[in-house]
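Peer 1: Structure of the sequence below:
(2 chains)
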Amino acid sequence: MNAASLHRSAIALGGFAALAGAFFLLIGRGPIDMLVAIAQASVGSGYAVGESLLRATPILLCALATLVPARLGLVSVGAEGQLYFGALAGTGAMLLAPSSLPLVLLGGVIGGAVWALVPALLRVVADVNETISTLMLNYVAALLVTWLVYGPWKNPQSQGWPASIDFAEAARLPLLGESRVHAGLLMALVLGIALHLLFTRSRWGLVLDVLRSNPRLAPLAGLSVTRQVLLTMVVGGALAGLAGIAETSSVQGRLQASFANGAGLSGFLVAWLAGNRVLPAMVLALLVGGLLAAGDELQMMTSVPSSAVLVVQGLMFVAMLGAGAWKKGGASG
Amino acid sequence: MADTLLQGLPVSALRSAAPLLLVLLGECLTQRVGRINLGVEGQMLVGAVAGYGVTALSGQPWLGMAAGAAAGALLSAVYALLTVAARADQFASGLAVLMLGYGVSAYAGSGLVGLRIEGFALGAGGTTPTLWLAVALVPLIGLWLYGTRTGLVWRSVGESPAAARAAGITPWKVIVAGITAGGVLSGLGGAALSIDHTRTWAEGMTAGRGLIAVGLVIVARWNPWLTLPAALLFGLAEALSLRLQAAGSAVPAHLLHTLPYLASLAVFAVTCARLKGGGGPEALRAVFAR
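Peer 2: Next comes the predicted model:
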């Protein structure tokens, strides 16, 4: 970490503490007490660390899902929808082959990829801006899941609670040790490292860098922008789909409506704040995961509603964005 | 069945469209000065909760509308600070504002869930005051943007901040004004939704309307006059999906609710294919160019 980014992190942290502190004062809570309680609730015990890692897992995968197309210069905000469609397709695979974990995971990955292929095709065929199309498709995917768990896929034994049937033990993604953290975290870390190596060491990483900085160069160098748009979007979608099916087939063990909790949007901001680089995104995803896990905990310990932690999450992103540009502004005068 | 489906459909569609139309007009002005603000969704949410809360407390729906506008403007100031003062990325700043707005509205509205209010009295043919407000703003903003000197200044900043600066305009002031106008109108849109359209508050009740507005601005070609048909398209799809549901359609409700999103996306795709990226304010190209 060089001096400039250290400086920037200090500004972000200070800005965040000030904003969050002001918010806690506003709702009549002691700011120091609350910040200490948040820290405790996110890393204060083995259980707390586990919950933080659990929340961080889909956010990290969604951040990876965002930053792969972003390496080409695409602004995809579709991880949330791809996550839902991945969970949907993986659950579909489970209904067809009730005890095959590989098929379930494959279904999730393909589902996410298919949902990303739609905006990718719209982009290359009709020049449709992917930011807008992915945003709209997020709502469609979430509604499709809601329809299925209230309708055709509803478990008749669940007495009114909208959810699919439980995944059989053989189709469930294993948990790590005694915690609720699941193998999806390991997959996310391994995939993250692999992507980091691909981006920094491989020819593909170089191709993406060239195309991002100068798309007009592509035909001269014999590169196809179209192919890379499709490839990066599909790879991103597959990662978000994995996030969806991993959550569904492990902790929850069944498909439910609105289970993502905004992991897709958090993932987008994590990727963006990390400058679309993998390693900083890993660190940031853990940070955001810890903060959100603290929210659930705080509700029980201090009777502060978990929506207050959503506010704190928003303030954290605002502080980071503000601080990130601070340095840029300083450099250019 | 066809009768119950179509009777009074234009008014229903307009009523569904009115909150979106307000947001659409606001985002149209914001994009005119060269910013794409995804935070309008969050601004709409704080507008909805502030408008609803104030109406419930005071019994004055117009006071609620004013509170909604103020809340939207206040939150848009965060976006202005991030993108203008700190020069942060537009999309990321918008999403941060969206999250902040979601959190703030959920926190502030936790006591309002399930509460119902009186709201506005219905006018002739089932029309509502916010419908008239939204529709009346279309020609007002259209005439202002294309017919006045200030309108010209705003458009020129959206085309080229550098050229505008050379002509003695201070671009950042105009950009902040455009973002604030978007904040006021999206706050009004949110308040119109909670006070007049649904007459209730629920967490996340805007359900992507703000984000749809961001896309529909492009369909409307950044022209305030064309925001009315663009918003009507969404309103029509929503009104139809509700009516089909009430008429006992064989298509399940949740699937019908995808209709407004799919219809907006379809028209957006067709517009994009025809425009091929052209037709908008020149400064926006820098955002989309790659």
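
Peer 1: Output stretch A:192-206 in PDB with nothing but the alpha carbons.
Peer 2: As requested, the backbone C-alpha atoms of stretch A:192-206 are provided in PDB (Å, rounded to 0.1, in the frame of the first residue of the first chain):
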ATOM      1  CA  GLY A 192     -10.900 -14.500  -7.100                       C
ATOM      2  CA  ILE A 193      -7.200 -15.500  -7.100                       C
ATOM      3  CA  ALA A 194      -7.600 -17.200 -10.500                       C
ATOM      4  CA  LEU A 195      -9.200 -14.000 -11.900                       C
ATOM      5  CA  HIS A 196      -6.400 -11.900 -10.400                       C
ATOM      6  CA  LEU A 197      -3.800 -14.100 -12.100                       C
ATOM      7  CA  LEU A 198      -5.700 -14.000 -15.400                       C
ATOM      8  CA  PHE A 199      -6.000 -10.200 -15.400                       C
ATOM      9  CA  THR A 200      -2.400  -9.600 -14.400                       C
ATOM     10  CA  ARG A 201      -0.500 -12.400 -16.100                       C
ATOM     11  CA  SER A 202      -2.500 -13.800 -19.000                       C
ATOM     12  CA  ARG A 203      -2.900 -12.700 -22.600                       C
ATOM     13  CA  TRP A 204      -6.700 -12.400 -21.900                       C
ATOM     14  CA  GLY A 205      -6.000  -9.800 -19.300                       C
ATOM     15  CA  LEU A 206      -3.900  -7.800 -21.700                       C
END
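
Peer 1: how long is stretch B:163-170 from one end to the other?
Peer 2: Start-to-end span of stretch B:163-170 (CA to CA, to the nearest Å) is 11 Å.

Peer 1: and it, which residues are buried?
Peer 2: B:164, B:169 (16 or more other CB atoms under 10 Å in any protein chain shown). Yep, even glycine has a C-beta here, placed from its N, CA and C like the rest.

Peer 1: and residue 25, what helix or strand is that in?
Peer 2: Because you didn't say which chain, this covers chain A. Of the helices and strands defined by DSSP states H and E, A:Leu25 is found in helix A:3-26.

Peer 1: nope, chain B please
Peer 2: Following DSSP H and E, one finds B:Leu25 within helix B:9-32.

Peer 1: Just the buried positions in that helix, please.
Peer 2: For helix B:9-32, a neighbour-count test (16+ other CB under 10 Å) marks B:11-32 as buried.

Peer 1: got it, and stretch A:139-152?
Peer 2: Buried residues in stretch A:139-152, defined by neighbour count with 16+ other CB under 10 Å: A:139-149.

Peer 1: Narrow those residues to those in helices?
Peer 2: A:139-149 (DSSP state H).

Peer 1: Quick check: residues of the stretch 101-250 of chain B near chain A?
Peer 2: On the criterion CB under 8 Å from any CB of the partner chain, chain A has as its neighbours in the stretch 101-250 of chain B the residues B:101-104, B:106-107, B:110, B:203, B:207-208, B:211-212, B:214-215, B:218.

Peer 1: Mind checking which of these are buried?
Peer 2: If we count by 16+ other CB under 10 Å, these have these buried: B:101-104, B:106-107, B:203, B:207-208, B:211-212, B:214-215, B:218.

Peer 1: Would you point out the most distant pair within the residues you listed?
Peer 2: Across those, no pair lies farther apart than B:Tyr107 and B:Ile218, at 32.7 Å, counting by CB to CB.

Peer 1: I am finished for the moment; much appreciated.
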